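*Asks:* just a sequence and a predicted model for now, questions to come.
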Amino acid sequence: MFIDRAKISVKSGRGGDGHVSFRREKYVPNGGPDGGDGGHGGSVILEVDEGLNTLTDFRHSRHYKAEDGVNGDKRNRSGKNGADLIINVPEGTVVKEISSDKIIIDMSGENRRYTLLTGGRGGKGNQHYATSTMQAPKYAQPGQPARELELFMELKVIADVGLVGFPNVGKSTFLTKVSNARPKVANYHFTTLNPHLGVVDLNDANGFVIADIPGIIEGASDGIGLGYEFLRHIERTKVLIHVIDAAGSEGRDPLDDINKINHELAAYNPQLSKRPQVIAANKMDLIYEGSKVNPVEQIRAHFEPQGVKVFAISAVSGKGIKDLLYYVQNLLDQTEDKPTVFAPEFFPEEMLIFGKDPYTVVYDEAAAEYVVEGPRIEKMLGYTNLESEKGFAFFQRFMKEVGVLEKLEELGIAEGETVRMYGLKFDYYK
């Protein structure tokens, strides 16, 4: 079964606690502290596995945890570090934080390995706390806690060209004819229940990867029909081949079909309507040569003035396909070769490091200033280097993500007004 979505929970390993102990040796009645450090917890790491092409492995296993660090021991013995947990995913997997639906990482392009959660640091043993005035410290540092995330993963296949069109127009037959893919082909709707990838090899030209997307129907962008389940798989494609039943063998109007599919693509993702598109007018073998009306010429008259090339083909006999493929390759040569990689929107290391400590946002009328306070804010200010551009950008992103900026706007803050945080003052600007 093809699985292209999954929900899982991941948890890093907690750090081991530092140890409290003192040397106890013969003839050394008052030995110093010798408590060892705790081991670091294991991290959760995502890694692309070229051998995977679905998310099936996550269907039955939903909880993933790295190993905890081992506590320190006496005689300065440090605890063992917890083992990292490596989670293998297919290339093209987009990983989101489930509650915000924001992208953490797109495992595509150069993103082959990504540390999702860093394990907790191990605590220091009491040997580190001995001073001239405190020679027998009876405390050690606890290990840092583990961190958890709920994830939603989506597989968006990597392909140069996407085949789109209503069910039963011949997309699977076309893919079988032009590539090494062998999807199931039959004369009934929704034969294709999975996206299929094929490699097209051309003489004297670069080949390309083509994806057959299960039949889209009217209303797919609103969640109607099976096509909706697979619209995500054409988001990375650079060129779209729109396959239509030019013969109208099922009583459908080819022109109307094209307009409806284009509407669904634009409604799902407006960027899809801007992709270069080619129309493959299929099933020409079913059109009688003596027909008074040539449907292909009607389609050309409507779409070629808009810059959309129309090719008359027969996926069964192969007629017209060669010219179509070379034209598509030429379009690919003119498009940017850079792969589509979705940008991150959620940064686990930044958003989880401060836990869920509360904060307050109030207006101080006497000072005419907005005051932001709370343990979470104080930790952030102590953690961040506001003098650096990167540090200040990190701080601004934190303020937005945790909702501070939204609360300031709810209180009616205007540009140029002052925000005070633990002795620091900032001018507010959008």
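*Replies:* Thanks, I have it. Numbering: from 1, shown residues only.
*Asks:* okay, now G391: neighbour count?
*Replies:* Neighbour count of G391, defined by other C-beta atoms under 10 Å: 13. C-beta coordinates here come from the backbone N, C-alpha and C atoms, glycine included.
*Asks:* double-check it against N385; I have them as touching.
*Replies:* Yes - in terms of C-beta atoms under 8 Å, G391 counts as a neighbour of N385; the distance is 3.9 Å.
*Asks:* can you pull up the most central residue in this structure?
*Replies:* V94 (2.3 Å; C-alpha atoms, centre = their mean).
*Asks:* what comes into contact with whatever helix or strand it lives in?
*Replies:* In this structure, V94 is located in strand 93-97 according to DSSP states H and E. For strand 93-97, the external contacting residues (C-beta atoms under 8 Å, 6 or more residues apart in numbering) are 46, 48, 55, 89, 102-108, 116, 149-156, 342, 346, 348.
*Asks:* what's next to stretch 416-430, contact-wise?
*Replies:* With C-beta under 8 Å, 6+ apart as the criterion, stretch 416-430 contacts 364, 367-373, 377-378, 381, 386, 408, 413-415.
*Asks:* okay, who's weakest in those by pLDDT?
*Replies:* The lowest pLDDT within the contacts of stretch 416-430 belongs to L381, with 74.
*Asks:* which SS state does it fall under?
*Replies:* The three-state assignment at L381 reads helix, by DSSP: H, G, I helix; E, B strand; the rest coil.
*Asks:* from G307, how far out is the residue nearest to the centre of the chain?
*Replies:* Using C-beta to C-beta, to the nearest Å, V94 is found at 31 Å from G307.
*Asks:* still on that earlier bit, of the contacts of strand 93-97, buried ones?
*Replies:* The neighbour-count test (16 or more other C-beta atoms under 10 Å) marks 46, 48, 55, 89, 103-108, 116, 149, 151-156, 342, 346, 348 as buried among these.
*Asks:* please narrow the residues you listed to those residing in helices.
*Replies:* Members of these lying in helices (criterion: DSSP state H): P348.
*Asks:* restricted to strands, list the buried ones among the contacts of strand 93-97.
*Replies:* 46, 48, 89, 103-107, 116, 149, 151-155 (DSSP state E).
*Asks:* wait, which of the residues you listed is closest to K177?
*Replies:* Nearest to K177 among those: L155, at 26.1 Å, using C-beta to C-beta.
*Asks:* could you check how far that closest one is from L265?
*Replies:* 19 Å.
*Asks:* cool, and D201?
*Replies:* 28 Å.
*Asks:* who's more crowded, those two?
*Replies:* Per other C-beta under 10 Å, whichever of D201 and L265 has more neighbours is L265, with 25 against 12.
*Asks:* is it fair to say the more buried one lies in a helix?
*Replies:* Yes - counting by three-state DSSP, L265 is part of a helix.
*Asks:* find the nearest non-adjacent residue to it, please.
*Replies:* Distance criterion C-beta to C-beta, 6 or more residues apart in numbering; nearest residue to L265, sequence neighbours excluded, is L272 at 4.2 Å.
*Asks:* surely that neighbour and E264 touch.
*Replies:* No - between L272 and E264 there is no contact under C-beta under 8 Å: 9.2 Å.
*Asks:* still on that earlier bit, of the ones in strands among the buried ones among the contacts of strand 93-97, which is the nearest to T335?
*Replies:* Nearest member of these to T335, counting by C-beta to C-beta, is D106, at 19.3 Å.
*Asks:* show me where pLDDT drops low in this structure?
*Replies:* For the chain, applying pLDDT under 70 flags the ranges 1-3, 27-30, 180-194, 215-230, 287-293, 350-357, 382-384.
*Asks:* about what we covered before: tell me how far the strand holding V94 lies from the chain's centre.
*Replies:* Computed by C-alpha atoms, centre = their mean, to the nearest Å, the chain-centroid distance of strand 93-97 equals 3 Å.
*Asks:* buried sites along stretch 201-214?
*Replies:* Buried, per 16+ other C-beta under 10 Å, within stretch 201-214: 208-214.
*Asks:* make a markdown table from those and add distance to R420 and secondary structure to it.
*Replies:* Conversion of these to a markdown table gives the following (distance: C-beta to C-beta, whole Å; DSSP: H, G, I helix; E, B strand; the rest coil):
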| residue | distance to R420 | secondary structure |
| --- | --- | --- |
| F208 | 58 | strand |
| V209 | 56 | strand |
| I210 | 59 | strand |
| A211 | 54 | strand |
| D212 | 59 | strand |
| I213 | 54 | coil |
| P214 | 56 | coil |
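*Asks:* pull the most distant pair out of these.
*Replies:* Using C-beta to C-beta, these reach their maximum pairwise distance at F208 and P214, which is 20.4 Å.
*Asks:* what comes into contact with stretch 244-255?
*Replies:* The contact list for stretch 244-255, computed with C-beta under 8 Å, 6+ apart, reads 165-166, 168-170, 257-258, 279-284, 286-287, 295-296, 298-299, 302, 312.
*Asks:* just the buried subset of the residues you listed, please.
*Replies:* Using 16+ other C-beta under 10 Å, the buried ones in the contacts of stretch 244-255 are 165-166, 168-170, 257-258, 279-284, 287, 295-296, 299, 302, 312.
*Asks:* next step: those restricted to helices.
*Replies:* Counting by DSSP H, these contribute 257-258, 295-296, 299, 302 to helices.
*Asks:* quick one, helices of the stretch 101-250 of the chain?
*Replies:* Along the stretch 101-250 of the chain, the segments classed as helices by DSSP state H, counting those that start in this stretch run 171-178.
*Asks:* show me the strands in it, by range?
*Replies:* Counting by DSSP state E, counting those that start in this stretch, the stretch 101-250 of the chain has strands at residues 102-107, 113-117, 148-155, 161-164, 196-202, 205-212, 239-245.
*Asks:* got those strands as CSV, with distance to T360 columns?
*Replies:* CSV is the format used below for those (distance: least, C-beta to C-beta, whole Å):
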stretch, distance to T360
strand 102-107, 25
strand 113-117, 29
strand 148-155, 26
strand 161-164, 50
strand 196-202, 53
strand 205-212, 51
strand 239-245, 51
